[in-house]
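# coords please:
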Amino acid sequence: MERKVERVQFPDARKVKLLRTAAYARVSSGKDAMLHSLSAQVSYYNKLIQSNPEWLFCGVYADEALTGTKETRQNFQKLLAECRAGNIDLIITKSISRFARNTVTLLETVRELKVLGVDVYFEEQNIHTMSADGELMLTILASYAQEESYSASENQKWRIRKDFEAGKVSTVIMLGYKRNRDGVLEIIPEEADIVRMMFSDAMSGMGGQAIANKLNMLKIRTKNGCQWTAHGVRRVLSNEKYCGDLRLQKFYNENHLTKRKMTNDGNLPQIYVEEAHPAIIDRETFMAVQAFLQDNQRFTALKETTGVYPFTSLIKCGCCGKTYRRKTTVTGIVWICNTYNQKGKKYCPTAKQIPEEKLISACCEVLGINHFDAEAFQETVSEIIVPKPNILLFRFTDGTEHTVLWQDRSRSESWTPEMKAKAAEHSRRRGKK
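Residues are numbered from 1 along each chain as shown. You can find the predicted model right below:
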């Protein structure tokens, strides 16, 4: 008897359409532990996808990001580009919060992927976006994720404010100080010497660019290893930390989603803590420099005036031959060698600024008058040579010459009435505490 044999047709594995599958992983900071976690996630998804015979491995996309917004995640954008190109059918990710913390961003992305025919599977929530109730569940869970992000952000802000009130700083990158374990600033002696030199140069009348040139000539770099600029010098001279105080919350994050850094122009209260840490600059010197900076004058050259004065173009440097220029400094109006002002002492070592009142006094002496007369001066004096510090050589229109010695101002003479008033007011405020 002939047996009947049925032929069973097995499907050709090569003709079975595999689900093109990719995974997405993300960690939120660059710490070593987090980077290890990212590496572990990539390894996990590699094995998971390649072990499933119904899936075709299409890669693991991973980001190390500071926020949950998709715009800042480079590999997330590459994954979306592959989906738009029709190369992905399924995306596997750990959780909603890893995919996006912003509800709007999450739903916009998921809806776009649904239109493209791409399913997203969230392992922790066990949700497929292509399922009937997928989007409803996503909306609810994403709202929780966003609220969790907001709560974490507010807790962090509370902790930072408490540190502010205690005179502590979270991070600091500045010349002269480092942050200790307790969050308090400690002096770095060798860097503090540089800061003191900068303030001393400012008090002596050197412009911001001249100070920057000096630092660069001495091969002294900024805290970030860059060359100095006039703007960088101003930032040091205007930083209250150098006299031991802290002005906190100068900046803030826009919100818990974008985390964009914003300048605090009164949007939030600032906290000012006096004597929060050891000072590098004594308060009198610091206040003297601030008295000038607060007058809305450019520190890059300590703001030259643009008018023409009786001494304009008449004072010549005996060292470099350049003319002296009129300039407003923290201690008053002076006349200073143009080379020294712009390039520093290296290029004109014997130059010295001359207080305008000393110059006027010397003119009155050589002219034999009690009060300065600009017309008489210009008719009588052809030029003034400064051969050495504290020496003025007057050359008259009749060919004769006369030398005058002048004395430096004492420290008390260098203080303007405005500077004295501000220092006195500050002392009164401290005495009331």
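# now the helices for the stretch 201-350 of the chain?
With DSSP state H, counting those that start in this stretch as the criterion, the stretch 201-350 of the chain has helices at 208-217, 230-237, 283-293, 338-343.
# ranking these by mean pLDDT, which is last?
Per-segment mean pLDDT for the helices of the stretch 201-350 of the chain reaches its minimum on helix 283-293, at a mean of 81.
# Now do it: which elements does it pack against?
With contacts taken as 3 or more CB pairs under 8 Å, 6 or more residues apart in numbering; DSSP states H and E, helix 283-293 sits against helix 189-203, helix 230-237, helix 417-431. C-beta coordinates here come from the backbone N, C-alpha and C atoms, glycine included.
# Which one of those has the poorest average confidence?
The minimum mean pLDDT among those belongs to helix 417-431 (a mean of 59).
# neighbours around residue 174, how many?
Residue 174 has 19 neighbours, counted by other CB atoms under 10 Å.
# In this structure it contacts residue 239, no?
Yes - between residue 174 and residue 239 there is a contact at 6.9 Å, judged by CB atoms under 8 Å.
# wait, isn't residue 178 in contact with residue 190?
No - in this structure, residue 178 is not within contact of residue 190 by CB under 8 Å, at 11.7 Å.
# between the two, who's got more neighbours?
Between residue 178 and residue 190, residue 178 has the larger neighbour count (other CB under 10 Å), namely 12 against 8.
# pLDDT score for the more buried one?
For residue 178, the model assigns a pLDDT of 88.
# Show me what residue 315 bridges to in the sheet.
When bridges are called by DSSP bridges, residue 315 pairs up with residue 384.
# quick one, what contacts it?
Residue 315 sits next to 323-324, 335, 354, 359, 383-384, 386 when contact means CB atoms under 8 Å, 6 or more residues apart in numbering.
# quick one: the strands in the stretch 51-200 of the chain?
55-64, 90-93, 119-122, 127-128, 177-179, 185-187 (DSSP state E, counting those that start in this stretch).
# distance of residue 93 from residue 78?
The gap separating residue 93 from residue 78 is 15 Å, by CB to CB, to the nearest Å.
# Looking at the two, which has the bigger crowd around it?
residue 93 (23 against 13).
# wait, what's in contact with that one?
23-25, 99, 120-123 are the contacts of residue 93 under CB under 8 Å, 6+ apart.
# So which of those wins on neighbours?
residue 23 (25 neighbours).
# So what are the sheet partners of the helix or strand harbouring that one and their directions?
Assigned by DSSP states H and E, residue 23 falls within strand 19-27. Strand pairing for strand 19-27, determined by DSSP bridges: strand 55-64 (parallel), strand 90-93 (parallel).
# Of the ones you listed, which is nearest residue 245?
Of all the strands paired with strand 19-27, strand 55-64 sits nearest to residue 245, with 36.9 Å by CB to CB.
# Kindly provide the whole-number mean pLDDT of the closest one.
Across strand 55-64, the average pLDDT comes to 91.
# what's the answer for stretch 239-254, then?
For stretch 239-254, mean pLDDT is 73.
# quick revisit: what's the closest of the helices of the stretch 201-350 of the chain to residue 17?
helix 230-237 (62.0 Å).
# Output the strands paired with strand 19-27 in JSON lines, with distance to residue 274 appended to each entry.
Shown next, in JSON lines, are these (distance: least, CB to CB, whole Å):
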{"stretch": "strand 55-64", "distance to residue 274": "40"}
{"stretch": "strand 90-93", "distance to residue 274": "50"}
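# Of these, which stretch is the most buried?
Each of the strands paired with strand 19-27 was scored by mean neighbour count; the highest is strand 90-93, a mean of 22, by mean count of other CB atoms under 10 Å.
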